[in-house]
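# Let's see this in three dimensions:
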Amino acid sequence: TDMCHGDMGKDKYVHGPVGAGVCISCHNPHGSLEKRSVSRSGLSLCLVCHENKENELQQENVHGIISSSGCIDCHDPHESPNKFQLTASTTSELCFACHDDSKSKEAHVHSPVADGDCNVCHNPHASPNKFMLAEDGTDLCLLCHDDIRDELNLPNAHEPVKEACTNCHDAHGSPNEKLLNSAGSLLCFECHEEFKREIEKPNVHSPVSDNCTNCHDPHQSDTKFQLIGSSITNTCVMCHDDIAEVLKLKKVHGPVASDQGCVSCHNPHASLNESLMDEPPVERCLTCHQEHQDIKSFAYKHKPVTKKCTLCHSPHATDNAYQLVAPGNQLCLACHQDVKKMVEGATVPHAAVKSPGCVGCHEAHGGPVADLLKAEQHTLCYSCHEKMGQKVMSSKYVHLPVEQDSCAACHNPHGSVNTRILRLPF
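Model prediction:
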């Protein structure tokens with residue numbers, strides 16, 4: 001060796017036969033049919049000594065370069081400054097001599113790639129797994145990402161996670177955070193196409209526009225739909241803290257208290273209707289409150305009924321009966337300011353106004369009688385003023401307003417400063 005090839009065996013890492021000065025382990029000193037007078041061609045020469053690799057190379061997926069030209073495209077057969085006599089200073093530099101390195105230049109690079117150590121994930125020789133991975137699919141990723149392993153024990157698993165992390169993440173590099181294949185919700189829409197169409201509606205839930213993971217865990221969750229909260233409603237109130245306070249009140253609306261929670265009435269993604277209601281306001285309420293379906297046919301309708309029920313009823317929770325936003329007359333007088341002035345200015349109050357209140361005489365939603373009265377005036381008034389009703393019914397001569405069924409022509413039904421709640425002094 002020293003006589004002709006004196007420069008051999010001086011590097012940091014020297015092939016065993018070279019270091020021992022036994023060149024004839026690989027080369028025939030007299031001649032050979034192979035280049036460089038090696039005694040065997042390609043891979044078969046290396047396997048004479050490295051027989052432990054023979055079984056490894058029987059696996060389903062063998063590195064293509066080994067099959068085509070043997071070991072010396074990656075390993076120097078004599079010496080190298082690099083461990084394993086690699087022909088490049090880092091594993092990644094060696095790999096990128098053949099493989100495209102564009103992923104390593106992305107804004108976000110997988111740490112093994114950034115560290116130049118492809119062998120963390122890939123076996124450089126052969127593997128039973130596709131892409132010569134050291135483990136199959138998700139099992140490989142969990143070797144390092146053990147925090148995600150704990151999540152995978154939860155009951156609601158994202159289907160892509162069960163298959164392979166690379167359904168959502170690029171294994172090498174990406175322009176997107178967390179090595180995602182696409183940014184934000186766009187990644188989710190690649191599978192969930194129905195929601196991509198849904199967000200074309202005019203009212204879109206802001207977390208959907210930003211990122212689905214604002215509400216959903218991308219891996220697994222204890223909660224249905226992989227929600228990040230312990231329930232549907234708990235997920236919603238993480239942002240809607242004003243509603244969280246309302247839900248502390250005594251009477252919680254049944255749908256809100258149910259397992260479906262907020263999505264009983266709201267579409268969590270997008271809607272044609274304001275407040276992400278899944279139907280127009282009144283129709284949404286009547287879907288459950290079938291007993292009020294007849295309001296559509298009323299001759300006289302309370303104005304709020306034609307707009308939305310939530311003008312009078314709290315859709316979430318309240319301390320008042322019937323989910324009212326304010327108790328009794330207080331609710332009615334908030335709009336009917338003219339009546340409020342009468343009631344507050346009356347020195348002779350109508351007892352019925354105090355109890356049972358406005359709904360003692362008026363229908364809250366609508367009906368067949370003007371002014372939303374529960375019955376025609378004389379019938380309604382005589383239901384309390386029975387003796388007066390009997391007197392009128394038995395009289396031969398009746399005062400014209402009474403005959404015309406108009407008690408209110410003389411009496412103010414809300415209160416007065418005059419005796420017998422007369423409209424004018426007597």
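
# which ones are touching residue 76?
Contacts for residue 76 (C-beta atoms under 8 Å, 6 or more residues apart in numbering) come out as 15, 85-87. Using the backbone N, CA and C atoms, a C-beta is placed for each residue, glycine as well.

# Can I get these in TSV including neighbour count and distance to residue 52?
Converted to TSV, the contacts of residue 76 look like this (neighbours: other C-beta atoms under 10 Å; distance: C-beta to C-beta, whole Å):
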residue	neighbour count	distance to residue 52
15	21	16
85	21	17
86	18	19
87	15	22
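
# Just give me the closest of those residues to residue 195.
residue 86 (47.9 Å; C-beta to C-beta).

# State the pLDDT value of that closest one.
According to the prediction, residue 86 has pLDDT 94.

# before we move on, the earlier item: in helices, which of the contacts of residue 76 appear?
Judged by DSSP state H, the contacts of residue 76 include no members of helices.

# Name the nearest of those relative to residue 196.
The closest of those, once distances to residue 196 are taken by C-beta to C-beta, is residue 86, at 46.5 Å.

# Name the nearest residue to the closest one, sequence neighbours excluded.
Closest residue in space to residue 86, ignoring its immediate chain neighbours: residue 94 at 5.5 Å, by C-beta to C-beta, 6 or more residues apart in numbering.

# and the residue nearest to residue 232 when sequence neighbours are not counted, what is it in contact with?
Counting by C-beta to C-beta, 6+ apart, residue 232 lies nearest to residue 261, which is 3.7 Å off, once chain neighbours are set aside. By C-beta under 8 Å, 6+ apart, residue 261 lies in contact with 231-233, 236, 255.

# Over to residue 15?
76-79, 85.

# Residue 91 versus the closest residue to it other than its chain neighbours, what's the distance?
Spatial nearest neighbour of residue 15, excluding adjacent residues (C-beta to C-beta, 6+ apart): residue 78 at 5.6 Å. According to C-beta to C-beta, to the nearest Å, residue 78 stands 20 Å off from residue 91.

# higher neighbour count, the two?
Between residue 78 and residue 91, counted using other C-beta atoms under 10 Å, the more crowded position is residue 91 (23 against 19).

# tell me the pLDDT at the more buried one?
On pLDDT, residue 91 comes in at 89.

# Just give me the neighbour total for the residue nearest to residue 86.
Residue 94 has 22 neighbouring residues, counting by other C-beta under 10 Å.

# Residue 88 is in contact with that one, correct?
Yes. The pair residue 94 and residue 88 qualifies as a contact (C-beta atoms under 8 Å) at a distance of 3.7 Å.

# measure stretch 124-131 end to end?
Stretch 124-131 has an end-to-end distance of 10 Å (C-alpha to C-alpha, to the nearest Å).

# Scan the helices and strands of this protein for the one with the lowest mean pLDDT.
Using mean pLDDT, DSSP states H and E, helix 146-151 stands out as the lowest-scoring helix or strand of the chain, at a mean of 82.

# what sits up against it?
Residues contacting helix 146-151 (C-beta under 8 Å, 6+ apart): 141-142, 217, 219-220.

# quick one: which of the residues you listed is nearest residue 188?
Closest to residue 188 out of these is residue 217 (12.2 Å), distances taken as C-beta to C-beta.

# my read: that closest one touches residue 225, true?
No. Counting by C-beta under 8 Å, residue 217 stays clear of residue 225, with 9.6 Å between them.

# Among those two, which residue is more densely surrounded?
The neighbour comparison of residue 217 against residue 225 (other C-beta under 10 Å) goes to residue 217, with 20 against 13.

# Could you measure from the more buried one over to residue 231?
For residue 217, the distance to residue 231 equals 14 Å [C-beta to C-beta].

# Is it correct that residue 54 is in contact with residue 47?
Yes. Using C-beta under 8 Å, residue 54 is in contact with residue 47, at 5.3 Å.

# Among those two, which residue is more densely surrounded?
Taking neighbours as other C-beta under 10 Å, residue 54 and residue 47 compare with residue 47 leading, 16 against 12.

# Neighbours of residue 143, how many?
12.

# Just give me the neighbour total for the spatially closest residue to it that is not a sequence neighbour.
Of all residues not flanking residue 143 in the chain, residue 135 sits nearest, at 6.4 Å (C-beta to C-beta, 6+ apart). As a burial measure, residue 135 scores 15 neighbours (other C-beta under 10 Å).
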